[in-house]
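Undergrad: Provide a 3D model corresponding to the input given below.
(one chain, ligands or ions: 1)
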Amino acid sequence: MDNKKILTIQDLSCVGQCSLTVALPILSAYGYETCVLPTAVLSNHTMFKKWSYLDLTPELDNIYPVWRENGFRFDAFLLGYLGKAPLMDAAERAFDEFSAKDRLIVIDPVFADNGKLYGGFDMDYVRAMAHLVRRADIILPNMTEACFLTGTEYRTEYNEEYVKGLLSSLKKLTVGIPVVTGVELDGKIGEAILKEDGSVSYVMGEKLPVSKHGTGDIFASVFTAEYLAGKTLEQASDSASVFVQDCLRATPEEHFYGVVFERILKGRRG
Ligand code: PXL
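TA: I've put the predicted structure just below:
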């Protein structure tokens, strides 16, 4: 395994199996040196009834100058839940100042699902994210986020033409490749990838009758790890989907706030 250094920028939810508590173990288990930039510290993720929130944006003014002096550079950036719109600028500053040569930028926009914004987000945040994604090499919105980012009407029933339209609209926002997750067609679920020639590549798998929190963050981490290891977009999507499915199958129904990804990661060691 090569010694690529990844910076993952997202919140630290102390409890809840999402964002940094997912990305750090997964990327590390793949053998990457994983550095973190916590955007906020939350008592737990926002799907619980209550949460506390400490915005760490001001702390970046202390961290960045020191990183600059220490000469840190990262081969890849994985962005997830940022939390506040000013963090978009901060993320861009990180790309500008701390990129190694040929670095990869993966942005999972993380602000909505099932047709609705997550608690604490508004359209200003969506607009700021729509601006930030222009810098990405790969963006990983789910269907809801893709609709919000592009101003497309959200539907629960749709066809391939609708998905292609969504991908083409996303492409107008970014120099990178749009990979939309959670696409449901013909009773299956998976990813739609916009190819350079304008065609759409689908990676579809079994739709399990459950959906749980944190699976998008797991998907993004496995996807990034696999892609950085040289896999194609399709292979990386497939591995990440299978990983998420395994997590869902292993998670007891009463474990409502996340998935037991640790057991799947452990099973894949060595
Ligand atoms: O899993 C996405 C996510 C990450 N971080 C926080 C969240 C959520 C989704 O709700 O609340 C704090």
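
Undergrad: Tell me which helix or strand comes right after the helix ranked longest in the chain.
TA: Longest helix in the chain, counting residues (DSSP state H): helix 233-250. Next in sequence after helix 233-250, counting helices and strands by DSSP states H and E, comes helix 261-267.

Undergrad: contacting residues around that next one?
TA: If you take Cβ atoms under 8 Å, 6 or more residues apart in numbering as the criterion, helix 261-267 is touched by 17, 22, 25, 26, 29, 214, 218, 243, 246, 247, 250. No exception for glycine: its C-beta is placed from N, CA and C like everyone else's.

Undergrad: Kindly identify which of those residues also come near the ligand.
TA: Contacts with the ligand within the contacts of helix 261-267, counted by Cβ under 6 Å from any ligand atom: residue 214.

Undergrad: What distance do you get for the residue most central in space within the chain to residue 223?
TA: What sits nearest the mean C-alpha location of the chain, by Cα atoms, centre = their mean, is residue 108, with 3.0 Å. Separation of residue 108 from residue 223 (Cβ to Cβ, to the nearest Å): 9 Å.

Undergrad: hey, what's in contact with both of the two?
TA: residue 140.

Undergrad: list the contacts for residue 179?
TA: Listed by Cβ under 8 Å, 6+ apart, the contact set of residue 179 reads 138, 139, 140, 191, 192, 193, 194, 223, 233, 237.

Undergrad: what's across from it in the sheet?
TA: residue 193 (DSSP bridges).

Undergrad: so who does the residue in the stretch 51-200 of the chain that the ligand sits nearest to touch?
TA: Per Cβ to the nearest ligand atom, residue 81 is where the stretch 51-200 of the chain lies closest to the ligand, at 3.7 Å. Residues near residue 81 by Cβ under 8 Å, 6+ apart: 10, 11, 18, 19, 39, 110, 111, 217.

Undergrad: Let's have the residues you listed in JSON lines, adding secondary structure, pLDDT and neighbour count.
TA: Converted to JSON lines, the contacts of residue 81 look like this (DSSP: H, G, I helix; E, B strand; the rest coil; pLDDT from 0 to 100; neighbours: other Cβ atoms under 10 Å):
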{"residue": "10", "secondary structure": "strand", "pLDDT": "98", "neighbour count": "28"}
{"residue": "11", "secondary structure": "strand", "pLDDT": "98", "neighbour count": "26"}
{"residue": "18", "secondary structure": "coil", "pLDDT": "98", "neighbour count": "30"}
{"residue": "19", "secondary structure": "coil", "pLDDT": "98", "neighbour count": "31"}
{"residue": "39", "secondary structure": "strand", "pLDDT": "97", "neighbour count": "27"}
{"residue": "110", "secondary structure": "coil", "pLDDT": "98", "neighbour count": "25"}
{"residue": "111", "secondary structure": "coil", "pLDDT": "97", "neighbour count": "23"}
{"residue": "217", "secondary structure": "helix", "pLDDT": "98", "neighbour count": "29"}
